[in-house]
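Participant: Compute the structure for the input listed below.
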Amino acid sequence: MGFWSYAASAGTFLTVLWAAKSAVAYYTWTLDDMVEDVASSPLPLNQNGIQYWKDILAPYTDLGPVKKRAAIQMHMATTLVIAFGLCIQFMKTIRRKNMDVHRWVGRATLLASLLSYPHFVSLLDGFGQQTAKYVEAP
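Facilitator: Sure thing, here's the model as predicted:
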């Protein structure tokens, strides 16, 4: 197994891990938990940046005038399904020995992507454009 095979496996694992963590977060976390997670990231956020993320994430917990919790939960569930589908698609064993499985998983993944599009549009609908400086330069 060469370097690129290991890199592909690591990328696949991290994609599924991220999708699973995000799905759990948007189904169970409070707004404070989400903001704390963003604030603990390696981004050099100042108070304006943290407030920006709080404003962005508030609709996903149904706080504030815009309610987006159902849309983000559907988006994350679909992302998790697509991530697992793509992982199966990239497995050499599946492609070599079970081409029918590979094709049907690919079709299901594409169908999930297409069916999720209206929910994604509803997720983005209703947000205004906000621009400002939200990070601190080192």
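Participant: residues contacting the residue nearest the centre of the chain?
Facilitator: The chain has Ala19 as the residue nearest its centroid, 5.3 Å off, counting by Cα atoms, centre = their mean. Neighbour list for Ala19: Met76, Thr79, Leu80, Ile82, Ala83 [criterion: Cβ atoms under 8 Å, 6 or more residues apart in numbering]. All C-beta atoms are positioned from the backbone trio N, CA, C, and that covers glycine.
Participant: now Leu86
Facilitator: Contacts of Leu86 (Cβ under 8 Å, 6+ apart): Thr12, Thr15, Thr109.
Participant: hmm, back to that, state the mean pLDDT of whichever helix or strand the residue nearest to the centre of the chain is part of.
Facilitator: Following DSSP states H and E, one finds Ala19 within helix 3-28. Mean per-residue pLDDT for helix 3-28: 82.
Participant: how much space is there between Asn98 and Gln89?
Facilitator: Using Cβ to Cβ, to the nearest Å, we find Asn98 at a distance of 12 Å from Gln89.
Participant: let me redo that: Val24
Facilitator: Distance from Val24 to Gln89, counting by Cβ to Cβ: 24 Å.
Participant: Of these two, which one has the most company?
Facilitator: Gln89 (16 against 12; other Cβ atoms under 10 Å).
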